[in-house]
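In: Got a sequence here, can you model it:
(one chain, ligands or ions: 2)
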Amino acid sequence: MERVLVTGGGGFIGSALVLHLLAETEVEVVNVDKLTYAAHPDSLAAVADHPRYHFERVDIGDRPALEAVFDRHRPDAVIHLAAESHVDRSIREPAAFIATNLVGTYQLLETARAYWAGLDAPRRAAFRFLQVSTDEVYGDLGDRPERFREGGPYAPSSPYSASKAGADHLVRAWHRTYGLPVLVTHCSNNYGPRQYPEKLIPLMLFNALAGRPLPLYGDGRQVRDWLYVEDHARALWAVLLGGRVGETYHIGGDAERTNLEVVEALCAELEGRDLPRPPGVRAFRDLITFVADRPGHDRRYAIDAGKLRRELGWQPRETFASGLARTVDWYLANPSWVERARAGVAEWLERHYGGGGER
Ligand code: NAD
Ligand code: DAU
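Out: Ligands and ions are numbered 1, 2, ... in the order given. Presented below is the predicted three-dimensional model:
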(Lines give C-alpha, C1' and ligand atoms only; values in the text may rest on other atoms or scores of the structure.)
(Ligands and ions follow the chains in the order given, each with its own letter.)
Protein backbone atom coordinates (compact mmCIF):
# COMPACT_ATOMS: atom_id res chain seq x y z
CA MET A 1 0.00 0.00 0.00
CA GLU A 2 1.83 3.11 -1.20
CA ARG A 3 -0.83 5.70 -2.04
CA VAL A 4 -4.21 6.17 -0.40
CA LEU A 5 -6.93 8.44 -1.71
CA VAL A 6 -8.97 9.87 1.18
CA THR A 7 -12.23 11.67 0.40
CA GLY A 8 -13.40 14.30 2.88
CA GLY A 9 -9.95 14.70 4.42
CA GLY A 10 -10.66 18.32 5.30
CA GLY A 11 -13.43 17.41 7.75
CA PHE A 12 -13.39 16.30 11.36
CA ILE A 13 -12.61 12.58 11.01
CA GLY A 14 -10.89 12.95 7.65
CA SER A 15 -8.35 15.43 9.02
CA ALA A 16 -7.63 13.13 11.99
CA LEU A 17 -7.11 10.28 9.51
CA VAL A 18 -4.83 12.30 7.21
CA LEU A 19 -2.72 13.45 10.18
CA HIS A 20 -2.56 9.88 11.49
CA LEU A 21 -1.48 8.44 8.12
CA LEU A 22 1.25 11.03 7.65
CA ALA A 23 2.55 10.66 11.21
CA GLU A 24 2.26 6.91 11.72
CA THR A 25 2.65 5.29 8.28
CA GLU A 26 4.76 5.70 5.15
CA VAL A 27 1.86 6.06 2.66
CA GLU A 28 1.25 8.99 0.36
CA VAL A 29 -2.09 10.62 1.03
CA VAL A 30 -4.27 12.23 -1.63
CA ASN A 31 -7.03 14.28 -0.03
CA VAL A 32 -10.05 14.82 -2.30
CA ASP A 33 -12.34 17.40 -0.74
CA LYS A 34 -14.83 19.94 -2.04
CA LEU A 35 -14.18 22.15 1.01
CA THR A 36 -17.73 22.73 2.16
CA TYR A 37 -18.42 24.77 5.31
CA ALA A 38 -17.37 21.62 7.26
CA ALA A 39 -13.72 21.75 6.12
CA HIS A 40 -11.81 24.16 8.32
CA PRO A 41 -8.97 25.87 6.42
CA ASP A 42 -6.58 25.42 9.37
CA SER A 43 -7.24 21.76 10.15
CA LEU A 44 -4.56 20.48 7.76
CA ALA A 45 -2.42 23.62 7.57
CA ALA A 46 0.44 21.88 9.42
CA VAL A 47 0.81 19.26 6.66
CA ALA A 48 0.00 21.39 3.60
CA ASP A 49 3.64 21.17 2.43
CA HIS A 50 4.30 17.63 3.63
CA PRO A 51 6.07 15.68 0.83
CA ARG A 52 3.63 12.76 1.15
CA TYR A 53 0.48 14.93 1.14
CA HIS A 54 -1.48 15.99 -1.97
CA PHE A 55 -4.67 18.00 -2.01
CA GLU A 56 -7.29 18.01 -4.77
CA ARG A 57 -10.25 20.36 -4.42
CA VAL A 58 -12.90 18.24 -6.12
CA ASP A 59 -16.59 17.50 -5.60
CA ILE A 60 -17.08 13.72 -5.55
CA GLY A 61 -20.17 14.27 -7.71
CA ASP A 62 -17.94 15.61 -10.51
CA ARG A 63 -17.01 12.46 -12.43
CA PRO A 64 -14.56 13.95 -14.99
CA ALA A 65 -12.66 15.71 -12.20
CA LEU A 66 -12.57 12.48 -10.16
CA GLU A 67 -11.28 10.51 -13.15
CA ALA A 68 -8.49 13.04 -13.62
CA VAL A 69 -7.52 12.68 -9.95
CA PHE A 70 -7.38 8.87 -10.21
CA ASP A 71 -5.28 9.14 -13.41
CA ARG A 72 -2.90 11.61 -11.84
CA HIS A 73 -2.33 9.83 -8.51
CA ARG A 74 -2.92 6.12 -9.28
CA PRO A 75 -4.07 5.18 -5.74
CA ASP A 76 -3.82 1.70 -4.19
CA ALA A 77 -6.89 2.29 -2.03
CA VAL A 78 -9.77 4.67 -1.40
CA ILE A 79 -11.02 5.58 2.07
CA HIS A 80 -14.36 7.29 1.49
CA LEU A 81 -15.40 9.78 4.16
CA ALA A 82 -16.71 12.74 2.14
CA ALA A 83 -20.28 13.39 3.20
CA GLU A 84 -22.78 15.83 4.52
CA SER A 85 -22.72 14.64 8.12
CA HIS A 86 -25.01 16.69 10.36
CA VAL A 87 -28.41 15.13 11.11
CA ASP A 88 -30.16 18.42 11.98
CA ARG A 89 -29.10 19.99 8.68
CA SER A 90 -30.37 16.91 6.83
CA ILE A 91 -33.80 17.42 8.39
CA ARG A 92 -33.98 21.05 7.26
CA GLU A 93 -32.20 20.74 3.89
CA PRO A 94 -31.90 17.14 2.66
CA ALA A 95 -30.93 17.87 -0.97
CA ALA A 96 -27.17 18.16 -0.41
CA PHE A 97 -27.25 14.86 1.53
CA ILE A 98 -28.73 13.00 -1.41
CA ALA A 99 -26.38 14.73 -3.86
CA THR A 100 -23.16 13.96 -1.97
CA ASN A 101 -23.84 10.91 0.17
CA LEU A 102 -25.82 8.95 -2.40
CA VAL A 103 -25.09 10.29 -5.90
CA GLY A 104 -21.53 11.34 -5.01
CA THR A 105 -20.80 7.85 -3.68
CA TYR A 106 -22.20 6.39 -6.91
CA GLN A 107 -19.90 8.62 -9.00
CA LEU A 108 -16.93 7.68 -6.84
CA LEU A 109 -17.74 3.96 -7.12
CA GLU A 110 -18.01 4.14 -10.89
CA THR A 111 -14.74 6.06 -11.15
CA ALA A 112 -13.00 3.59 -8.84
CA ARG A 113 -14.43 0.60 -10.74
CA ALA A 114 -13.19 1.80 -14.14
CA TYR A 115 -9.78 2.63 -12.68
CA TRP A 116 -9.55 -0.72 -10.82
CA ALA A 117 -10.54 -2.66 -13.96
CA GLY A 118 -7.56 -1.13 -15.79
CA LEU A 119 -4.95 -2.09 -13.18
CA ASP A 120 -2.52 -4.96 -13.70
CA ALA A 121 -3.39 -8.22 -11.91
CA PRO A 122 -1.33 -7.76 -8.70
CA ARG A 123 -2.53 -4.18 -8.19
CA ARG A 124 -6.10 -5.18 -8.99
CA ALA A 125 -5.94 -7.89 -6.34
CA ALA A 126 -4.51 -5.54 -3.73
CA PHE A 127 -6.86 -2.59 -4.41
CA ARG A 128 -9.39 -1.69 -1.67
CA PHE A 129 -12.41 0.64 -1.43
CA LEU A 130 -13.27 1.38 2.20
CA GLN A 131 -16.72 2.86 2.83
CA VAL A 132 -16.81 4.81 6.10
CA SER A 133 -20.35 4.44 7.36
CA THR A 134 -22.21 5.07 10.57
CA ASP A 135 -24.12 3.16 13.25
CA GLU A 136 -27.12 5.40 12.44
CA VAL A 137 -28.08 3.26 9.42
CA TYR A 138 -29.36 0.62 11.86
CA GLY A 139 -31.90 3.04 13.30
CA ASP A 140 -33.28 3.23 16.81
CA LEU A 141 -32.62 0.56 19.47
CA GLY A 142 -35.22 2.27 21.65
CA ASP A 143 -35.48 0.42 24.97
CA ARG A 144 -34.10 -2.85 23.59
CA PRO A 145 -30.93 -3.82 25.51
CA GLU A 146 -28.98 -5.27 22.55
CA ARG A 147 -26.21 -3.64 20.53
CA PHE A 148 -25.80 -3.37 16.75
CA ARG A 149 -24.05 -6.40 15.18
CA GLU A 150 -22.54 -6.66 11.70
CA GLY A 151 -25.19 -7.78 9.21
CA GLY A 152 -28.09 -6.43 11.26
CA PRO A 153 -31.13 -4.95 9.48
CA TYR A 154 -31.03 -1.36 8.25
CA ALA A 155 -33.77 1.00 9.50
CA PRO A 156 -32.52 4.58 9.04
CA SER A 157 -34.60 7.37 10.60
CA SER A 158 -33.22 10.65 9.21
CA PRO A 159 -32.47 11.92 5.71
CA TYR A 160 -28.78 11.75 6.73
CA SER A 161 -28.85 8.12 7.83
CA ALA A 162 -31.06 7.12 4.89
CA SER A 163 -28.56 8.66 2.47
CA LYS A 164 -25.69 6.83 4.18
CA ALA A 165 -27.70 3.59 4.12
CA GLY A 166 -28.29 3.99 0.38
CA ALA A 167 -24.58 4.59 -0.17
CA ASP A 168 -23.70 1.43 1.80
CA HIS A 169 -26.09 -0.60 -0.37
CA LEU A 170 -24.42 0.76 -3.51
CA VAL A 171 -20.97 -0.14 -2.17
CA ARG A 172 -21.99 -3.71 -1.36
CA ALA A 173 -23.76 -4.06 -4.74
CA TRP A 174 -20.60 -2.90 -6.53
CA HIS A 175 -18.76 -5.71 -4.72
CA ARG A 176 -21.29 -8.41 -5.47
CA THR A 177 -22.04 -7.41 -9.06
CA TYR A 178 -18.68 -6.13 -10.30
CA GLY A 179 -16.26 -7.68 -7.81
CA LEU A 180 -14.93 -4.32 -6.58
CA PRO A 181 -12.90 -5.19 -3.45
CA VAL A 182 -14.79 -3.23 -0.80
CA LEU A 183 -14.78 -3.00 2.98
CA VAL A 184 -17.46 -1.27 5.06
CA THR A 185 -17.10 0.16 8.57
CA HIS A 186 -19.83 1.48 10.86
CA CYS A 187 -18.67 3.75 13.65
CA SER A 188 -20.44 5.26 16.63
CA ASN A 189 -20.37 8.96 17.62
CA ASN A 190 -16.91 10.50 17.36
CA TYR A 191 -15.59 13.39 19.42
CA GLY A 192 -12.22 15.11 19.67
CA PRO A 193 -10.19 17.94 18.11
CA ARG A 194 -11.35 19.80 14.98
CA GLN A 195 -15.06 18.89 15.20
CA TYR A 196 -17.42 21.66 14.08
CA PRO A 197 -19.53 23.31 16.79
CA GLU A 198 -22.78 22.19 15.22
CA LYS A 199 -22.24 18.77 16.87
CA LEU A 200 -23.09 18.07 20.51
CA ILE A 201 -19.76 18.21 22.34
CA PRO A 202 -18.08 21.23 20.66
CA LEU A 203 -21.40 23.11 20.57
CA MET A 204 -21.85 22.65 24.31
CA LEU A 205 -18.21 23.50 24.98
CA PHE A 206 -18.34 26.75 23.01
CA ASN A 207 -21.70 27.73 24.51
CA ALA A 208 -20.55 27.02 28.06
CA LEU A 209 -17.44 29.16 27.68
CA ALA A 210 -19.57 32.01 26.30
CA GLY A 211 -22.23 31.65 29.01
CA ARG A 212 -24.91 30.68 26.49
CA PRO A 213 -27.62 28.02 27.14
CA LEU A 214 -26.68 24.35 26.61
CA PRO A 215 -29.65 23.15 24.51
CA LEU A 216 -30.45 19.47 25.14
CA TYR A 217 -33.11 18.05 22.83
CA GLY A 218 -36.17 16.50 24.47
CA ASP A 219 -35.44 14.96 27.88
CA GLY A 220 -31.70 14.56 27.18
CA ARG A 221 -31.89 10.81 27.92
CA GLN A 222 -31.02 9.66 24.37
CA VAL A 223 -28.01 7.36 24.41
CA ARG A 224 -25.00 7.51 22.10
CA ASP A 225 -21.81 5.43 22.15
CA TRP A 226 -18.74 7.71 22.10
CA LEU A 227 -15.34 7.14 20.48
CA TYR A 228 -12.31 9.43 20.43
CA VAL A 229 -11.61 10.39 16.82
CA GLU A 230 -7.97 9.20 16.75
CA ASP A 231 -9.14 5.74 17.80
CA HIS A 232 -11.45 5.79 14.77
CA ALA A 233 -8.55 6.77 12.49
CA ARG A 234 -6.43 3.87 13.79
CA ALA A 235 -9.35 1.48 13.29
CA LEU A 236 -9.83 2.56 9.66
CA TRP A 237 -6.18 1.89 8.89
CA ALA A 238 -6.35 -1.51 10.61
CA VAL A 239 -9.42 -2.46 8.56
CA LEU A 240 -7.86 -1.24 5.32
CA LEU A 241 -4.72 -3.33 5.89
CA GLY A 242 -6.21 -6.42 7.52
CA GLY A 243 -9.95 -6.50 6.78
CA ARG A 244 -11.37 -9.30 4.65
CA VAL A 245 -12.74 -8.15 1.30
CA GLY A 246 -16.52 -7.80 1.28
CA GLU A 247 -16.70 -7.74 5.09
CA THR A 248 -18.21 -5.22 7.47
CA TYR A 249 -16.53 -4.09 10.69
CA HIS A 250 -18.05 -2.16 13.58
CA ILE A 251 -16.03 0.49 15.39
CA GLY A 252 -17.08 1.78 18.80
CA GLY A 253 -15.78 2.83 22.17
CA ASP A 254 -17.97 0.85 24.60
CA ALA A 255 -18.83 4.23 26.10
CA GLU A 256 -22.60 4.57 26.14
CA ARG A 257 -23.78 7.80 27.75
CA THR A 258 -27.01 9.77 27.77
CA ASN A 259 -26.68 13.21 26.25
CA LEU A 260 -27.31 14.67 29.70
CA GLU A 261 -24.43 12.60 31.13
CA VAL A 262 -22.16 13.80 28.33
CA VAL A 263 -22.96 17.45 28.93
CA GLU A 264 -22.65 17.07 32.71
CA ALA A 265 -19.24 15.40 32.24
CA LEU A 266 -18.17 18.26 30.00
CA CYS A 267 -19.33 20.84 32.55
CA ALA A 268 -17.45 18.98 35.32
CA GLU A 269 -14.32 18.95 33.12
CA LEU A 270 -14.61 22.72 32.68
CA GLU A 271 -15.26 23.29 36.40
CA GLY A 272 -11.99 21.46 37.12
CA ARG A 273 -10.01 24.07 35.20
CA ASP A 274 -8.96 27.56 36.07
CA LEU A 275 -11.23 29.33 33.58
CA PRO A 276 -12.93 32.71 33.81
CA ARG A 277 -16.59 32.15 34.63
CA PRO A 278 -18.97 33.91 32.18
CA PRO A 279 -20.76 36.84 33.85
CA GLY A 280 -23.76 35.72 35.91
CA VAL A 281 -22.89 32.00 35.65
CA ARG A 282 -22.44 30.23 39.01
CA ALA A 283 -21.79 26.74 37.59
CA PHE A 284 -21.57 25.64 33.94
CA ARG A 285 -24.21 22.95 34.44
CA ASP A 286 -26.75 25.64 35.37
CA LEU A 287 -26.69 26.57 31.65
CA ILE A 288 -28.33 23.24 30.67
CA THR A 289 -31.66 23.95 28.97
CA PHE A 290 -34.14 21.39 27.64
CA VAL A 291 -35.44 22.42 24.22
CA ALA A 292 -37.76 21.04 21.52
CA ASP A 293 -36.75 17.54 20.41
CA ARG A 294 -35.17 16.66 17.06
CA PRO A 295 -37.86 15.24 14.72
CA GLY A 296 -37.49 11.46 14.39
CA HIS A 297 -34.83 11.49 17.12
CA ASP A 298 -33.39 7.99 17.69
CA ARG A 299 -33.38 7.06 21.37
CA ARG A 300 -30.37 4.77 21.57
CA TYR A 301 -27.45 3.55 19.45
CA ALA A 302 -24.90 1.02 20.70
CA ILE A 303 -22.14 -0.65 18.73
CA ASP A 304 -20.68 -4.10 19.29
CA ALA A 305 -17.09 -3.80 18.00
CA GLY A 306 -16.08 -7.32 19.11
CA LYS A 307 -15.30 -8.52 15.57
CA LEU A 308 -12.75 -5.74 15.01
CA ARG A 309 -11.13 -6.42 18.37
CA ARG A 310 -10.97 -10.19 17.82
CA GLU A 311 -9.93 -10.26 14.16
CA LEU A 312 -7.65 -7.25 13.90
CA GLY A 313 -6.55 -6.68 17.50
CA TRP A 314 -7.80 -3.06 17.54
CA GLN A 315 -8.93 -1.44 20.75
CA PRO A 316 -9.50 2.18 21.73
CA ARG A 317 -6.66 3.91 23.55
CA GLU A 318 -8.84 6.60 25.13
CA THR A 319 -11.56 6.18 27.71
CA PHE A 320 -14.42 8.67 27.56
CA ALA A 321 -12.87 10.58 30.50
CA SER A 322 -9.36 10.77 29.02
CA GLY A 323 -10.67 11.59 25.55
CA LEU A 324 -12.92 14.34 26.86
CA ALA A 325 -10.03 15.90 28.78
CA ARG A 326 -7.85 15.82 25.64
CA THR A 327 -10.69 17.34 23.63
CA VAL A 328 -11.14 20.25 26.04
CA ASP A 329 -7.35 20.76 26.12
CA TRP A 330 -7.27 20.99 22.34
CA TYR A 331 -10.09 23.53 21.98
CA LEU A 332 -8.70 25.72 24.75
CA ALA A 333 -5.26 25.64 23.10
CA ASN A 334 -6.58 26.56 19.62
CA PRO A 335 -8.64 29.76 19.95
CA SER A 336 -8.07 30.88 16.36
CA TRP A 337 -9.39 27.54 15.03
CA VAL A 338 -12.40 27.97 17.32
CA GLU A 339 -13.08 31.52 16.10
CA ARG A 340 -13.07 30.54 12.42
CA ALA A 341 -15.19 27.46 13.07
CA ARG A 342 -17.76 29.55 14.93
CA ALA A 343 -17.87 31.99 12.03
CA GLY A 344 -18.33 29.05 9.65
CA VAL A 345 -21.47 27.86 11.44
CA ALA A 346 -22.78 31.18 12.79
CA GLU A 347 -25.56 31.43 10.25
CA TRP A 348 -26.65 27.85 10.97
CA LEU A 349 -26.61 28.35 14.75
CA GLU A 350 -28.68 31.50 14.43
CA ARG A 351 -31.21 29.81 12.15
CA HIS A 352 -31.44 26.57 14.12
CA TYR A 353 -31.27 27.79 17.71
CA GLY A 354 -32.06 31.49 17.48
CA GLY A 355 -29.96 34.19 19.09
CA GLY A 356 -30.50 33.03 22.68
CA GLY A 357 -29.44 29.47 21.96
CA GLU A 358 -32.95 28.06 22.38
CA ARG A 359 -35.14 26.45 19.74
P1 NAD B 1 -17.53 16.43 8.41
O2 NAD B 1 -18.85 17.04 8.08
O3 NAD B 1 -16.74 17.00 9.54
O4 NAD B 1 -16.59 16.49 7.11
C5 NAD B 1 -17.05 16.12 5.85
C6 NAD B 1 -15.99 16.46 4.83
O7 NAD B 1 -16.47 16.05 3.54
C8 NAD B 1 -15.68 17.97 4.72
O9 NAD B 1 -14.29 18.17 4.63
C10 NAD B 1 -16.39 18.38 3.44
O11 NAD B 1 -15.78 19.49 2.80
C12 NAD B 1 -16.27 17.11 2.62
N13 NAD B 1 -17.31 17.04 1.57
C14 NAD B 1 -18.65 17.22 1.73
N15 NAD B 1 -19.28 17.10 0.55
C16 NAD B 1 -18.31 16.80 -0.38
C17 NAD B 1 -18.34 16.54 -1.77
N18 NAD B 1 -19.48 16.57 -2.48
N19 NAD B 1 -17.18 16.26 -2.39
C20 NAD B 1 -16.00 16.23 -1.70
N21 NAD B 1 -15.92 16.49 -0.39
C22 NAD B 1 -17.07 16.76 0.28
O23 NAD B 1 -17.82 14.88 8.62
P24 NAD B 1 -17.19 13.87 9.69
O25 NAD B 1 -17.93 13.98 10.97
O26 NAD B 1 -15.72 13.99 9.67
O27 NAD B 1 -17.63 12.48 9.03
C28 NAD B 1 -16.83 11.89 8.02
C29 NAD B 1 -17.47 10.58 7.58
O30 NAD B 1 -17.57 9.68 8.68
C31 NAD B 1 -18.88 10.74 7.01
O32 NAD B 1 -19.00 9.86 5.91
C33 NAD B 1 -19.77 10.29 8.15
O34 NAD B 1 -20.98 9.74 7.67
C35 NAD B 1 -18.91 9.24 8.82
N36 NAD B 1 -19.14 9.06 10.27
C37 NAD B 1 -19.10 10.13 11.11
C38 NAD B 1 -19.26 9.92 12.48
C39 NAD B 1 -19.20 11.09 13.46
O40 NAD B 1 -19.46 10.88 14.64
N41 NAD B 1 -18.85 12.29 13.05
C42 NAD B 1 -19.46 8.63 12.97
C43 NAD B 1 -19.52 7.56 12.07
C44 NAD B 1 -19.33 7.78 10.72
O1 DAU C 1 -23.69 7.85 15.41
C2 DAU C 1 -22.80 8.36 14.45
C3 DAU C 1 -23.26 9.72 13.99
O4 DAU C 1 -22.97 10.63 15.06
C5 DAU C 1 -22.63 10.19 12.70
O6 DAU C 1 -23.00 9.33 11.67
C7 DAU C 1 -23.04 11.63 12.37
O8 DAU C 1 -22.35 12.09 11.22
C9 DAU C 1 -22.68 12.50 13.55
O10 DAU C 1 -23.11 13.84 13.33
C11 DAU C 1 -23.32 11.97 14.82
O12 DAU C 1 -24.77 12.09 14.74
P13 DAU C 1 -25.64 12.53 16.01
O14 DAU C 1 -26.93 13.05 15.56
O15 DAU C 1 -25.65 11.43 17.02
O16 DAU C 1 -24.67 13.70 16.57
P17 DAU C 1 -24.99 15.14 17.18
O18 DAU C 1 -23.72 15.66 17.76
O19 DAU C 1 -25.72 16.01 16.23
O20 DAU C 1 -25.99 14.78 18.36
C21 DAU C 1 -25.60 13.88 19.40
C22 DAU C 1 -26.80 13.73 20.32
O23 DAU C 1 -27.01 14.99 20.99
C24 DAU C 1 -28.10 13.43 19.60
O25 DAU C 1 -28.89 12.55 20.40
C26 DAU C 1 -28.78 14.80 19.48
C27 DAU C 1 -28.30 15.51 20.74
N28 DAU C 1 -28.17 16.97 20.60
C29 DAU C 1 -27.43 17.47 19.58
C30 DAU C 1 -27.31 18.83 19.40
C31 DAU C 1 -26.51 19.37 18.24
C32 DAU C 1 -28.77 17.81 21.53
O33 DAU C 1 -29.44 17.34 22.49
N34 DAU C 1 -28.65 19.16 21.36
C35 DAU C 1 -27.96 19.71 20.32
O36 DAU C 1 -27.91 20.95 20.22
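
In: So which bits of the stretch 151-300 of the chain are right by ligand 2?
Out: 188-189, 199-200, 203, 215-217, 222, 224, 259, 294 (C-beta under 6 Å from any ligand atom). (Glycine included, C-beta is placed from N, CA and C.)

In: Spell out, range by range, the strands that occur in the stretch 201-350 of the chain.
Out: Ranges of strands in the stretch 201-350 of the chain, per DSSP state E, counting those that start in this stretch, are 214-217, 223-228, 248-251, 256-258, 288-291.

In: what about the residue of the stretch 251-359 of the chain found nearest ligand 1, how many neighbours?
Out: Proximity of the stretch 251-359 of the chain to ligand 1 (C-beta to the nearest ligand atom) peaks at residue 251, 7.9 Å away. Look at residue 251: counted by other C-beta atoms under 10 Å, it has 27 neighbours.

In: list the contacts for the residue in the chain positioned nearest to ligand 1?
Out: Of all residues in the chain, the one sitting closest to ligand 1 is residue 11 (2.0 Å; C-beta to the nearest ligand atom). Contact analysis of residue 11 by C-beta atoms under 8 Å, 6 or more residues apart in numbering lists 33, 38-39, 43, 81-82, 85.

In: swap the cut-off to 7 Å and go again
Out: Contact analysis of residue 11 by C-beta atoms under 7 Å, 6 or more residues apart in numbering lists 38-39, 81.

In: Need the per-residue pLDDT for it.
Out: If you check residue 11, the pLDDT there is 98.

In: about what we covered before: any chance of the strands of the stretch 201-350 of the chain in TSV with distance to residue 332 as columns?
Out: Output for the strands of the stretch 201-350 of the chain, formatted as TSV (distance: least, C-beta to C-beta, whole Å):
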stretch	distance to residue 332
strand 214-217	17
strand 223-228	17
strand 248-251	27
strand 256-258	22
strand 288-291	21
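
In: most tightly surrounded among those?
Out: Across the strands of the stretch 201-350 of the chain, averaging neighbours per residue (mean count of other C-beta atoms under 10 Å) puts strand 248-251 on top, at a mean of 24.

In: Tell me the neighbouring strands of that strand, and mark each as parallel or antiparallel.
Out: Using DSSP bridges, strand 248-251 pairs in its sheet with strand 182-187 (parallel).

In: residues in contact with the strand it pairs with?
Out: Contact partners of strand 182-187, identified using C-beta under 7 Å, 6+ apart, comprise 128-135, 137, 168, 171-172, 174-175, 227, 232, 236, 239-240, 243, 245-252, 303.
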